[in-house]
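Trainee: here's my sequence, what's the structure:
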Amino acid sequence: MFGVRNVSVHFGEVPALDDVSFDVAPGTVSTVVGGDGAGKTTLLRVLAGRVVPERGTVSAPIGRDLGMLPASAGSWANLTVRQNLEFVASVFGLSRSQAVARSSELIELAGLQTAHDRLGSALSGGMRRKLGVIMALVGHPQLVLLDEPSTGVDPVSRVELWRLISRAAAEGAAVLTTTTYLDEAERATRFLALEAGRTLLLGGHPPRAGTGLASGPIVALLGRHSPARRRGHRRGSARRRGGCGTASQAGCSMNALLSTRSLRKSYGDLDAVRGVDLDVEAGEIVGLLGANGAGKTTFMRCALGILAPSGGTSLLFGRPPSRLGRARIGYVPQGRGLYPDLTPRENAQFSAAAYG
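Mentor: This is a model prediction of the structure:
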């Protein structure tokens, strides 16, 4: 049995964990659930030995018996999918033949066969999360810590990820995940709900909607994070954009703040974006919907001139993308766009200065 007993951690005056206890049993999937800043990541870092608690006890394996997916990607951008896996497998002590076989097995289980030779930097955010999960599993560790493994992962891939996680538990590992999604907490054998570093609820098989505690504090805390709550309150309409099939700049809308025609981006033989037309006008909220690897991020980066497209055109404020045009946009990349060695206030002040 792994876990923590009466653990407390403070960052300055702020309690990250306040007298928290939780057990994680081999052969089971447990989860820590809560909103942003609840203490989920800190708890995983305590179990991984990366944060030393001020008081309390920790029971967890070290070295090769521990696999972890951090809140960041957890992979190396300049290595391919296979190279990332085989490198971590060697760290876990697998022989060359074992590393190759285990990597091939996990690549197939994660549905990454078509991306096995793609650099980490060329993966979509969801693909990077899937890669991070299988990297944590590659050495058959006794304890697996996964920090929000489904963040940025499309619904179909989320099901695939949970199959991987359940398989690891079935093979004997103790698996601990964190999540802000109530439906994912319902998949776990045991759960711990945190709020501001304190235990809100502790037990097994969280209540489902319409039963028992479903109207209690866990839903009050987590309901606003549930995908079911996010599906409503959406306005807008789909519309046909006629006469916009030309690849010339003349085909782009001069009234749109962002306008693309036949925009295309290729990586070798792979078409990441294929002939996309889109106008974004003032007052609109436009969503790009698609599975991991569909081309959403690549399209956005090409449309803004951050990546050079392989074909087609884009206009930003009526002109080809430029540094001057990008100075008029706010942009959140997949990597969150924050400087980790600056405080929130310093990040905001630096951005304000950059915008003049």
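Trainee: S30: helix or strand, and which one exactly?
Mentor: S30 belongs to strand 29-33 when assigned by DSSP states H and E.
Trainee: outside of the helix or strand just after that strand itself, list whatever touches it.
Mentor: Helices and strands here follow DSSP H and E; after strand 29-33, the next one along the chain is helix 40-47. Residues outside helix 40-47 that contact it (CB atoms under 8 Å, 6 or more residues apart in numbering) are 2-4, 7, 9, 16-17, 20, 22, 24, 32-34, 51-53, 58, 60, 68, 71, 143, 145, 147-148, 176, 178-179, 192, 194, 197. No exception for glycine: its C-beta is placed from N, CA and C like everyone else's.
Trainee: just the buried residues of those residues.
Mentor: Taking 16 or more other CB atoms under 10 Å as the criterion, what is buried in the contacts of helix 40-47 is 2-4, 7, 9, 16-17, 20, 22, 24, 32-34, 51, 53, 58, 60, 68, 143, 145, 147-148, 176, 178-179, 192, 194, 197.
Trainee: mind checking which of the residues you listed land in strands?
Mentor: Secondary structure defined by DSSP state E assigns 2-4, 7, 9, 16-17, 20, 22, 24, 32-33, 58, 68, 143, 145, 147, 176, 178-179, 192, 194 of the buried ones among the contacts of helix 40-47 to strands.
Trainee: quick check: mean pLDDT across the strand holding S30?
Mentor: Confidence for strand 29-33, expressed as mean pLDDT, is 91.
Trainee: and the angle from it to strand 143-147?
Mentor: Using axes from the mean of the first three to the mean of the last three CA atoms, to 10 degrees, one finds that strand 29-33 and strand 143-147 are set 30 degrees apart in direction.
Trainee: identify the residues contacting strand 29-33?
Mentor: Residues from elsewhere that reach strand 29-33 (CB under 8 Å, 6+ apart): 22-24, 40, 43-44, 165-166, 169, 174-182, 184-185, 187-194, 206, 218, 222.
Trainee: quick one: that strand to helix 40-47, angle?
Mentor: Note on geometry: by the same axes, to 10 degrees, strand 29-33 and helix 40-47 are set 130 degrees apart in direction.
Trainee: paired strands for strand 29-33, with orientation please.
Mentor: Paired with strand 29-33 in the same sheet, following DSSP bridges, are strand 174-179 (parallel), strand 190-195 (parallel).
Trainee: can I get the ones you listed in a markdown table with mean pLDDT and distance to G311?
Mentor: Below are the strands paired with strand 29-33 laid out as a markdown table (pLDDT from 0 to 100; distance: least, CB to CB, whole Å):
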| stretch | mean pLDDT | distance to G311 |
| --- | --- | --- |
| strand 174-179 | 92 | 40 |
| strand 190-195 | 89 | 49 |
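Trainee: F350: which of the ones you listed is closest?
Mentor: Go through the strands paired with strand 29-33 one by one with CB to CB and the one that ends up closest to F350 is strand 174-179, at 28.9 Å.
Trainee: for the residue lying closest to R5 once chain neighbours are set aside, give me the pLDDT.
Mentor: Using CB to CB, 6 or more residues apart in numbering and skipping the chain neighbours, the partner closest in space to R5 is T57 (4.6 Å). pLDDT, T57: 92.
Trainee: how close does L164 sit to S150?
Mentor: If you measure L164 against S150 using CB to CB, to the nearest Å, the figure is 11 Å.
Trainee: number of residues surrounding V273?
Mentor: Taking other CB atoms under 10 Å as the criterion, the count of residues near V273 is 25.
Trainee: and if you look at L288?
Mentor: Other residues within reach of L288, judged by other CB under 10 Å, total 13.
Trainee: before we move on, what about V46?
Mentor: The tally of other residues near V46 (other CB under 10 Å) stands at 23.
Trainee: next one: G132
Mentor: As a burial measure, the neighbour count of G132 was computed by other CB under 10 Å and equals 23.
Trainee: shouldn't it be within a strand?
Mentor: No - following the definition DSSP: H, G, I helix; E, B strand; the rest coil, G132 is helix and is not counted among the residues of a strand.
Trainee: any idea how far it is from A25?
Mentor: The separation that G132 has from A25, given CB to CB, amounts to 24 Å.
Trainee: could you tell me the per-residue confidence at the residue nearest in space to the middle of the chain?
Mentor: Ranked by distance to the mean C-alpha position of the chain (CA atoms, centre = their mean), the top residue is T151 at 3.1 Å. Reported pLDDT at T151 in the predicted model: 78.
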